[in-house]
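Visitor: how would this look folded up:
(chains A and B)
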2 protein chains.
Amino acid sequence: MTEPLRVALAGIGTVGAGVIRLIDANRELIARRAGRAIEIVAVSARDRGKDRGVDIARFDWIDDSTALARHSRADVVVELVGGADGPALALARATLEAGKSFVTANKAMIAHHGLELAGAAEAAGTALKFEAAVAGGIPVIKGLREGAAANEIARVYGILNGTCNFILSKMEAEGRDFADVLGEAQRLGFAEADPTFDIDGVDAAHKLSILASLAFGTKPAFGDVATSGVRHVLAADIAEAAALGYRIRLLGIAESNAAGLFQRVHPHLVPLDHPLAHVSGSLNAVVAEGNFVGRLFFQGAGAGDGPTASAVVADLIDIARGEFGPPYAMPADSLLAQPGADTGDRRGRAYVRFTVADKVGVLAEIAAAMRDAGVSIESLMQRGAMADGSVLVAIVTHEGPERCVAQALEKLRGSPSLIGQPLWMHILDS
Amino acid sequence: MTEPLRVALAGIGTVGAGVIRLIDANRELIARRAGRAIEIVAVSARDRGKDRGVDIARFDWIDDSTALARHSRADVVVELVGGADGPALALARATLEAGKSFVTANKAMIAHHGLELAGAAEAAGTALKFEAAVAGGIPVIKGLREGAAANEIARVYGILNGTCNFILSKMEAEGRDFADVLGEAQRLGFAEADPTFDIDGVDAAHKLSILASLAFGTKPAFGDVATSGVRHVLAADIAEAAALGYRIRLLGIAESNAAGLFQRVHPHLVPLDHPLAHVSGSLNAVVAEGNFVGRLFFQGAGAGDGPTASAVVADLIDIARGEFGPPYAMPADSLLAQPGADTGDRRGRAYVRFTVADKVGVLAEIAAAMRDAGVSIESLMQRGAMADGSVLVAIVTHEGPERCVAQALEKLRGSPSLIGQPLWMHILDS
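Guide: You can find the predicted model right below:
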């Protein structure tokens, strides 16, 4: 057996401690599979004394995380600090510059700086790996980069944020409202104290832009992801969707075709005969549609210390085996810059829900706006007054261009009949 | 860009033609992802003149497939001939002996001879890859070998035969009988003219033994897979299962623990809240349970020219990238020989269905046999007479050792009250 692969670890929060526990627990098995031992030699974190349930006294302690890049015994640095810039980015740059391999779970950093870092890794002939950055323990980066590599991928999409899926599943199962369930999720540790990145779809957008780049061979374009979250989904929307045979899921969807690169994170109505409708709780799932393989579906735990550590150590095993190539499957400078697609041209069915005042003429006003914009209505449900006296009107459209729905909503903007913003959700094909 | 990876292809049936079509269609994309072109240079098949819808005149034609191993321009041989022994095995041995890489979709050959061939590949420092041998286009070999490599896997299981799943789904959706649906599947090309390997579970057992070896680091033990198929499942069983909240699926299940290596292919009752219950039609799906990653679920097309070609070419891309190690993730001679587990000790719930004569005392006889063997009955359904006057009695047991159910059935064997063999199916936990 050859020399161990020696690891310097930055960040010993939940996931960092999970990586230490995993390498301890599965040490022998990992060595059998990797062909050599994987061994942590140095760590860095904010608080040296904190009790993390793992013994870190056996590792070199380094105060300044950036210095891990130059640790004399480390072959590879694992970054679990987080944040798109700051210490994580400084460490990534320093590590690759030092010609060492770099493994990270940091979706924000890869979404923003992945292209630069991939170029640096390729120039240095070393590895940059980020399996844990998307969908936690599910090997979906590998699935796209290698498993589906023979295919032209037309579309990649999925449930990329476990917090939102936990909240939507709970609202669905218990008929409860968003704010109520969010509070519980925070108490249970399924949602952060500041849940903005999760519930507004930013976290899913980070992951989607990484998947899109891998699937299509295009430059990462996080800034082009049209993003909204689950904050405005009502228990009543979930009930309406259920009555129609759908479940509501926050989906990230990316497509590449002649119209350009389309990337969107948005709550969708998912038909019950689609596997994503059966992904509940904090699970993640990703679908990739290839021109030969058809529809591939991957599901598993999208977060948590164990699953994330599993993905981090899978990357380390690849590195230990010497099996890694360009981070995006092809050289970073060969990734294509594809312009963002005009979403107005997209055709589909939609669910639009209005909260309106309970007075004469409101339905006529909405119906007229839809008609004038050329939106064909498949069904319309009006449910009795809410506690505050308002009324919900939910419309499902026939298939048509998104532009028309946008025009109808624009026309209704500022109408005194409407209370708050309408909620527009797209309906996923089965 | 370096030299192309040059491929010799043995067998140009549906899948072989699919591989040619895929490499033609996605040529440029494959070269971008693999870092070099992949190019077929020579082919061999039974009938040179047959119209396959692809142009093979541009390739060297070799009459004797074994001679592909020594083709001067080929770096790798793809074997799509099939059969556990014979020409496929001769070609595999000759190719690895010649120091060339070998890619195959041949589950029977890998199940029987994988260990020998892996040893030969390792000795020659070349690749032996068989992603297409299990679950068609789903990258589940890679998922276990690499994606979940950091985990101790306790259990791997799934739907490994698309023909059986197609038949069971169709019986379920349309309330039809096995023989009737099998006939239709044969007409549609979803079942072979001789469907024995599929419907009796042998094909699934081949695949299961390959997955078990990869998941557990144990020597392949196809001979130890307890195998039965779907031939004896009645429409009435599917209806009973549905009434109880289950769907019937042919599952391959492998577990490794202190009791030994357990491998079984058998129709199971799958609860509706388990993702395998929602795998319908000819799809395949595999679940792996790791000690850190939790439950990973992979789903996709388990057969067909496109999906199988996708897996074959993914293997070629790995080889083109130089990214391959020992076929079973660890050296073949380090795989452990684990004894088969005693299934009598396994605990679980079961569904047992009897076809009985419609006469006094039959229920008492069955109930007494169960009681005497210590089987605790959770529910018992007796449905009115079938067309032939016989009666179905379906029992669901409480959790208990399988030994007790076996004893009860042994006691009832030969009873004049029973018509045919009882059908014993295990119930999967959710």
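Visitor: before we move on, what SS does the residue of chain A most remote from its centre have?
Guide: Within chain A, residue A:360 marks the point farthest from the mean C-alpha position, 43.3 Å out by C-alpha atoms, centre = their mean. Three-state assignment for residue A:360 (DSSP: H, G, I helix; E, B strand; the rest coil): coil.
Visitor: and the gap between it and chain B?
Guide: As judged by C-beta to the nearest C-beta, to the nearest Å, residue A:360 and chain B stand 46 Å apart. For the C-beta atoms, the positions are set from N, CA and C on the backbone; glycine is no exception.
Visitor: Could you verify that residue A:329 is part of a strand?
Guide: No - counting by three-state DSSP, residue A:329 is not found in a strand; it is coil.
Visitor: Can you verify my assumption that it contacts residue B:30?
Guide: No - the criterion here is C-beta atoms under 8 Å, and residue A:329 misses it with residue B:30 at 10.7 Å.
Visitor: And the helices in the stretch 201-350 of chain A?
Guide: Secondary structure of the stretch 201-350 of chain A by DSSP state H, counting those that start in this stretch: the helices cover A:202-216, A:235-243, A:305-321.
Visitor: At which residues are the helices of the stretch 1-150 of chain A located?
Guide: Listed in chain order, the helices of the stretch 1-150 of chain A (DSSP H, counting those that start in this stretch) span A:14-25, A:27-34, A:86-97, A:107-124, A:140-142.
Visitor: what's the angle from the third one to helix A:107-124?
Guide: Read that as helix A:86-97. Here helix A:86-97 runs at an angle of 20 degrees relative to helix A:107-124 (axes from the mean of the first three to the mean of the last three C-alpha atoms, to 10 degrees).
Visitor: follow-up on the earlier one: residue A:329 and residue B:30 - which one has more neighbours?
Guide: Set side by side, residue A:329 and residue B:30 show more neighbours around residue B:30, with 26 against 22, by other C-beta atoms under 10 Å in any protein chain shown.
Visitor: burial of the nearest residue to the more buried one once chain neighbours are set aside, as a residue count?
Guide: Spatial nearest neighbour of residue B:30, chain neighbours left out: residue B:38 (5.4 Å); criterion: C-beta to C-beta, 6 or more residues apart in numbering or on different chains. Close neighbours of residue B:38, defined as other C-beta under 10 Å, add up to 24.
Visitor: How is chain A partitioned into domains?
Guide: Listed by automatic domain parsing, the domain ranges of chain A are A:5-136+A:308-331, A:140-302, A:344-427.
Visitor: can you put those domains in JSON lines and add mean pLDDT and distance to residue B:45?
Guide: JSON lines is the format used below for the domains of chain A (pLDDT from 0 to 100; distance: least, C-beta to C-beta, whole Å):
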{"stretch": "domain A:5-136+A:308-331", "mean pLDDT": "97", "distance to residue B:45": "32"}
{"stretch": "domain A:140-302", "mean pLDDT": "96", "distance to residue B:45": "21"}
{"stretch": "domain A:344-427", "mean pLDDT": "93", "distance to residue B:45": "44"}
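Visitor: Quick one, which of these gets closest to residue B:157.
Guide: domain A:140-302 (14.6 Å; C-beta to C-beta).
Visitor: related to what we said a few turns ago, with respect to chain B, which of the helices of the stretch 201-350 of chain A lies nearest?
Guide: With C-beta to the nearest C-beta as the criterion, chain B lies closest to helix A:305-321 of the helices of the stretch 201-350 of chain A, at 3.5 Å.
Visitor: Point out the residues in the stretch 101-250 of chain A that sit beside chain B.
Guide: A:131, A:137-139, A:142-143, A:146-152, A:217 (C-beta under 8 Å from any C-beta of the partner chain).
Visitor: now, the most widely separated pair of those residues?
Guide: Using C-beta to C-beta, those span at most 27.3 Å, a distance reached by A:137 and A:152.
Visitor: circling back: top of the residues of the stretch 101-250 of chain A next to chain B by neighbour count?
Guide: Of those, with other C-beta under 10 Å as the count, residue A:147 tops at 34 neighbours.
Visitor: ok, and the closest non-adjacent residue to it?
Guide: residue B:139 (2.7 Å).
Visitor: Look up how far residue B:106 lies from the one you found.
Guide: When distance is defined by C-beta to C-beta, to the nearest Å, residue B:139 is 18 Å away from residue B:106.
Visitor: next one: residue A:182
Guide: Distance of residue A:182 to residue B:106, given as C-beta to C-beta: 52 Å.
Visitor: Tell me the bridge partners for residue A:256.
Guide: Counting by DSSP bridges, residue A:256 forms beta bridges with residue A:261.
Visitor: quick one, what contacts it?
Guide: A:153-154, A:212, A:215-216, A:218, A:262, A:338 (C-beta atoms under 8 Å, 6 or more residues apart in numbering or on different chains).
Visitor: Look up how far residue A:267 lies from the residue nearest to residue A:269 when sequence neighbours are not counted.
Guide: Spatial nearest neighbour of residue A:269, chain neighbours left out: residue A:246 (3.9 Å); criterion: C-beta to C-beta, 6+ apart. For residue A:246, the distance to residue A:267 equals 11 Å [C-beta to C-beta].
Visitor: With residue A:366 instead?
Guide: Counting by C-beta to C-beta - residue A:366 and residue A:267 are separated by 21 Å.
Visitor: Over to residue A:144?
Guide: For residue A:144 relative to residue A:267 (C-beta to C-beta), the value is 24 Å.
Visitor: Who has more neighbours out of these two?
Guide: Per other C-beta under 10 Å, whichever of residue A:144 and residue A:267 has more neighbours is residue A:144, with 29 against 26.
Visitor: can you tell me which residues contact that one?
Guide: A:153, A:156, A:211, A:214-215, A:288, A:329.
Visitor: Looking at those residues, which one is closest to residue A:391?
Guide: Distances from residue A:391 to these, taken by C-beta to C-beta, are shortest for residue A:156, at 38.7 Å.
Visitor: can I assume residue A:337 is in contact with residue A:216?
Guide: No - judged on C-beta under 8 Å, residue A:337 makes no contact with residue A:216 at a distance of 11.4 Å.
Visitor: And the two? Which one has more around it.
Guide: residue A:216 (23 against 8).
Visitor: Leaving out sequence neighbours, find the closest residue to the more buried one.
Guide: Closest to residue A:216 by C-beta to C-beta, 6+ apart is residue A:256, at 4.0 Å.
Visitor: repeat for residue A:172
Guide: residue A:238 (5.1 Å).
Visitor: thought that neighbour was touching residue A:246?
Guide: No - Residue A:238 is beyond contact range of residue A:246, at 9.3 Å (criterion: C-beta under 8 Å).
Visitor: ok so, going back, roughly how far does the residue nearest to residue B:30 sit from residue B:24?
Guide: Separation of residue B:38 from residue B:24 (C-beta to C-beta): 11 Å.
Visitor: Mutual contacts of those two, please.
Guide: Residues within reach of residue B:38 and of residue B:24 at once, by C-beta under 8 Å, 6+ apart: there are none.
Visitor: ok, and for stretch A:334-349, which residues are buried?
Guide: For stretch A:334-349, a neighbour-count test (16 or more other C-beta atoms under 10 Å in any protein chain shown) marks A:335, A:338, A:341, A:343, A:346, A:348-349 as buried.
Visitor: do the same with stretch A:66-82
Guide: For stretch A:66-82, the neighbour count (16+ other C-beta under 10 Å) marks A:66, A:68-69, A:71, A:74-82 as buried.
Visitor: what does that stretch rub up against?
Guide: Residues contacting stretch A:66-82 (C-beta under 8 Å, 6+ apart): A:5-13, A:15-16, A:19, A:41-42, A:44, A:60, A:62, A:65, A:87-88, A:90-92, A:94-95, A:97-98, A:100-106, A:108-109, A:127, A:312, A:316, A:319.
Visitor: thinking again about what came up before, looking at the domains of chain A, which is closest to residue B:169?
Guide: The nearest among the domains of chain A, by C-beta to C-beta, is domain A:140-302 at 12.0 Å.
Visitor: Kindly check the end-to-end length of that closest one for me.
Guide: Using C-alpha to C-alpha, to the nearest Å, the end-to-end distance of domain A:140-302 comes to 11 Å.
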